[in-house]
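Trainee: got a predicted structure plus its sequence, pasted below:
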Amino acid sequence: SSRKMASPLDLAHYIRSIPDFPKKGINFRDITTLLSDGPAFRECIDQLAAKLGHLGATKVVCAEARGFIFGAALAYKLGIGFVPVRKPGKLPARTISVTYALEYGTDTLHMHADALAAGERVIVLDDLLATGGTCRAILQMILMQHAIPVGVGFLIELDALGGRAKLIEGLACSPLIDSLIHYTSE
């Protein structure tokens, strides 16, 4: 008997767009509508696992706060560890950090200095790829620990902002980069 495979949910259907938030001209992509729908959230994690699970990673590395939602669920699904990346002053043990440029000013992210072993294969996950600054800072910290970023995954990618090209520019790594939903315009 041939059973038809269920087609994956169209996850973009579960993302709410809020015009002119947080400021005029921005079309905000709200993920809370996807998160509040159990089958859609499960499908999101299943799709990320299908795209990144074959890479042999032993940890998922994510920045607070939205990255934690997806990263912890993916780590659980794959049966691997989770490494939190946080703002200054939030992690209790010795940390390494990277400061990076924002549109106005800078931001700094920290990771425990002993979070990754040299040669360890890791996945970086976040909800959104826009300009790529946050994810690039995480990749830099992974490389500082001599670990290997094998995959970088996103729920949403804003293609028009060109973050994908900036992610690994000049960095000694070539991870698989994948996004579940692409928006060609902001």
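Mentor: That came through fine.

Trainee: use CA for all of it now, contacts and neighbours both
Mentor: Noted.

Trainee: tell me if I'm right that Asp107 and Arg86 touch.
Mentor: No. The pair Asp107 and Arg86 does not pass the contact test of Cα atoms under 8 Å, sitting 10.9 Å apart.

Trainee: more neighbours: these two, which one.
Mentor: The neighbour count for Asp107 versus Arg86, taken as other Cα atoms under 10 Å, is higher for Arg86 (19 against 15).

Trainee: quick one: the more buried one from Ala160, how far?
Mentor: Note on Arg86: its distance to Ala160, by Cα to Cα, to the nearest Å, is 27 Å.

Trainee: what of Tyr14?
Mentor: Distance of Tyr14 to Ala160, computed by Cα to Cα: 21 Å.

Trainee: more crowded one of those two?
Mentor: Taking other Cα under 10 Å, Tyr14 and Ala160 do not tie; Tyr14 has more neighbours (18 against 13).

Trainee: ok, Ala40 - contacts?
Mentor: Listed by Cα atoms under 8 Å, 6 or more residues apart in numbering, the contact partners of Ala40 are Leu9, Leu11, Tyr14, Leu34.

Trainee: now Ala93
Mentor: When contacts are counted by Cα under 8 Å, 6+ apart, Ala93 is found next to His112, Ala113.

Trainee: same thing but 6 Å
Mentor: Taking Cα atoms under 6 Å, 6 or more residues apart in numbering as the contact definition, Ala93 lies against nothing.

Trainee: same question, Lys59
Mentor: By Cα under 6 Å, 6+ apart, Lys59 lies in contact with Ile80, Gly81, Phe82, Val122.

Trainee: hey, what's the residue sitting nearest the centre point of the chain bridged with?
Mentor: Within the chain, the residue whose C-alpha comes closest to the C-alpha centroid is Asp126; the distance, by Cα atoms, centre = their mean, is 1.8 Å. Each beta-bridge partner of Asp126 is listed here: Phe154, as defined by DSSP bridges.

Trainee: neighbours of Thr184, how many?
Mentor: Going by other Cα under 10 Å, the residues that sit close to Thr184 add up to 10.

Trainee: grab the nearest non-local neighbour of it.
Mentor: Spatial nearest neighbour of Thr184, chain neighbours left out: Asp159 (5.1 Å); criterion: Cα to Cα, 6 or more residues apart in numbering.

Trainee: how far away is the one you found from Gly81?
Mentor: Distance of Asp159 to Gly81, computed by Cα to Cα: 30 Å.

Trainee: so how do I select the buried members of the contacts of Lys59 in PyMOL?
Mentor: Selecting only the buried entries of the contacts of Lys59 in PyMOL, with 16 or more other Cα atoms under 10 Å as the criterion:
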select buried, resi 81+82+122
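
Trainee: thanks a lot, catch you later.
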